[in-house]
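J.: Fold the stuff below for me.
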Amino acid sequence: MKINEIAISIRNKPMDFVLPTNIFNEQERISAGYTSLNVYLARTMQKVKTNDKDSLLENYCRTLTFFIEIADQMKWTYLLLLDDEKINNFKSKWKAKSFNIVYLITQQQLNKAYFQRDSNAFVHAWHLFIKFGLLELNLSEKEIENYFLFEE
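T.: Take a look at the predicted model:
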């Protein structure tokens, strides 16, 4: 996955946070990013039970956008880099038996990352989400890349 190219394209766009921000400082931007990430993660999980792959892909990629936005703000972007070996490793893992547990563990790791400023928890959530998209949702790397390349 060309995370560097995606991160650059995201940096050059204003973020459309879910909730309004009344305070304009770095901490509020990070808080707004985590809130938006949580909302889009939930929306992605809701789309799993539909047959609307376009909507699922859109919500998945919007979630990725907020992962990258937060990583950029926290100076953790380099921690999100994935090589082909890591991606293939995700694809060779077993499928999750419970999407509920995937969601709850991802939420737990994101909350730990936010409240404790724990980059390891953030990366763990990132890996869970990437694996979830590639394996459980059967989204291809190309579909994800194309979403960002052709997004208007």
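
J.: For Phe115, see how far away the spatially most central residue of the chain is.
T.: Residue closest to the mean C-alpha point of the chain, counted by C-alpha atoms, centre = their mean, is Leu64 at 2.9 Å. According to C-beta to C-beta, to the nearest Å, Leu64 stands 22 Å off from Phe115. Placement of C-beta: from N, CA and C, glycine included.

J.: now do Met74
T.: For Met74, the distance to Phe115 equals 13 Å [C-beta to C-beta].

J.: Those two: which has the busier surroundings?
T.: Met74 (17 against 10; other C-beta atoms under 10 Å).

J.: thought that one was touching Ile30?
T.: Yes: applying C-beta atoms under 8 Å, one finds Met74 in contact with Ile30, separated by 6.9 Å.

J.: Can you give me the neighbour number for Ile105?
T.: 15.

J.: what's stretch 94-109 in contact with?
T.: 38, 41-42, 45, 48, 121-122, 124-125, 128-129, 132, 135-136 (C-beta atoms under 8 Å, 6 or more residues apart in numbering).
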